[in-house]
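K.L.:
Predicted coordinates and the sequence they were generated for:
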Amino acid sequence: MSETSETWFDQPLVFTIADRHVRGRLIRLGPVLNTVMAAHSYPPVAEKLLAEALVLTALLGSTLKGEESQLTLQAQTGGGPVELLVCDYKGGELRGYLKFDAERLAEVGTDPTLFALFGEGFLAITFDQAASAERYQGIVPLEGASIGDAAEHYFEQSEQIPSLIKLAARHDAEAGCVAGGLLLQHLPEGEVGRDRLHVRHDHPEWDHARTIAETLKGEELTDPATSLETLAWRLFHEDEVRVESGRFVSRGCRCSTDYFAGVLSKFPEAERGEMADAAGLVNVDCAFCSRIFPISLDEIAAHGSAA
């Protein structure tokens, strides 16, 4: 394994096993995750679901190139207690929230299936590439034991890339919410001069790497005393693994009075008047950071005039 400083929290570790035509990412979220969770008072089941979704979003989002590129993860219900899950990643900034029926969610137990949480829901993964101004979206059923299983189906169906995703989250008495994840994939055609596995009949290299990666335990992913380099070495010490620390992840919500005033200024004046309260304020609730932004009609009008 190539030498590098150790990676612990809120930063992905990117690794490549060239001889097996495999690439991967590991990440463990801690301080960033707790900052996101501090804006909400979610019960343990909801906290775990959002934590794992944020890890998945960070894993996928960190693959993007360009400061303005964005990854959006959205899960919608098919009659389950969780009505909506939304996470996104842009320029190293991560955010997310849940909308759910608290009474019904309390009835699903401590380790519910995706079906118990969402019913026959769907997962939408959207890549907005800033450089090419292209948008790619895949929608798959919310099937499997975790949201990671549903994301694997996305890569198999939409990207035709054999993938393994492992997610884990727990609540620690001292560290708060800690979550980690692994994304392992076959290298796309051209990166190592070989065909993708989905066009080949035999793929022992991928089978070997996947079998080894499946031994990774949730306790290891969330262990604050184990660096991500150590995890990669434990799994693939028999191979030559090249590692590189990725960009740090931060909690970022793009809400602001100026932003919302700009959005509201696009509505007709009469409609803005109907939105306002008796004091002439339009109160905008940001679901991501659980803040309410009171914006005056005069401020909205001024923003529209400036535009």
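P.N.:
Good, I have the coordinates.
K.L.:
helix or strand for T230, which one?
P.N.:
T230 is part of helix 228-236 when elements are defined by DSSP states H and E.
K.L.:
which residues are in contact with the helix or strand just after that helix?
P.N.:
Next along the chain after helix 228-236, taking DSSP H and E as the criterion, comes strand 242-245. With C-beta atoms under 8 Å, 6 or more residues apart in numbering as the test, strand 242-245 has contacts from 1-2, 4-5, 7, 11-18, 229, 232. For the C-beta atoms, the positions are set from N, CA and C on the backbone; glycine is no exception.
K.L.:
Relative to the whole chain's centre, how far out is the helix holding T230?
P.N.:
22 Å (C-alpha atoms, centre = their mean, to the nearest Å).
K.L.:
coming back round to it: going through the contacts of strand 242-245, which ones are buried?
P.N.:
Among the contacts of strand 242-245, those classed as buried by 16 or more other C-beta atoms under 10 Å are 7, 11-17, 229, 232.
K.L.:
As CSV, those residues with secondary structure would be great.
P.N.:
Shown next, in CSV, are the buried ones among the contacts of strand 242-245 (DSSP: H, G, I helix; E, B strand; the rest coil):
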residue, secondary structure
T7, coil
Q11, coil
P12, coil
L13, strand
V14, strand
F15, strand
T16, strand
I17, strand
E229, helix
A232, helix
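K.L.:
Quick check: the farthest pair among those?
P.N.:
Farthest apart among those by C-beta to C-beta are Q11 and I17. That separation is 20.3 Å.
K.L.:
Rounded mean pLDDT for stretch 26-41, please.
P.N.:
For stretch 26-41, the mean pLDDT works out to 95.
K.L.:
ok, and for that stretch, which residues are buried?
P.N.:
26-30, 32-33, 35-37, 39-40.
K.L.:
before we move on, what about stretch 221-241?
P.N.:
221-223, 226-229, 231-232, 235-236, 239, 241.
K.L.:
Output the residues you listed in a markdown table; the columns should cover distance to P44.
P.N.:
A markdown table is the format used below for the buried residues of stretch 221-241 (distance: C-beta to C-beta, whole Å):
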| residue | distance to P44 |
| --- | --- |
| L221 | 18 |
| T222 | 15 |
| D223 | 20 |
| T226 | 24 |
| S227 | 27 |
| L228 | 25 |
| E229 | 30 |
| L231 | 25 |
| A232 | 30 |
| L235 | 29 |
| F236 | 33 |
| D239 | 38 |
| V241 | 35 |
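K.L.:
How about L281: what's its closest non-neighbour residue?
P.N.:
Distances taken as C-beta to C-beta, 6 or more residues apart in numbering place P294 nearest to L281, at 4.4 Å, with adjacent residues excluded.
K.L.:
so who does the one you found touch?
P.N.:
281-284.
K.L.:
Confirm that it sits in a strand.
P.N.:
Yes: residue state for P294 (three-state DSSP) corresponds to a strand.
K.L.:
and of the contacts of P294, the nearest to E120?
P.N.:
Using C-beta to C-beta, those come closest to E120 at V284, 32.4 Å.
K.L.:
before we move on, the earlier item: what angle sits between the helix holding T230 and strand 13-17?
P.N.:
Relative orientation of helix 228-236 versus strand 13-17 (axes from the mean of the first three to the mean of the last three C-alpha atoms, to 10 degrees): 30 degrees.
K.L.:
List the contacts of helix 228-236.
P.N.:
1, 4, 6-8, 13, 15, 17, 24, 26-28, 209, 212-213, 215-216, 220-221, 241, 243.
K.L.:
how far does stretch 34-44 stretch from start to finish?
P.N.:
This stretch, stretch 34-44, spans 13 Å end to end (C-alpha to C-alpha, to the nearest Å).
K.L.:
who touches that stretch?
P.N.:
Contacts of stretch 34-44 (C-beta under 8 Å, 6+ apart): 47, 50-51, 54, 94-98, 102, 105-106, 110, 171, 175-177, 251, 288-291.
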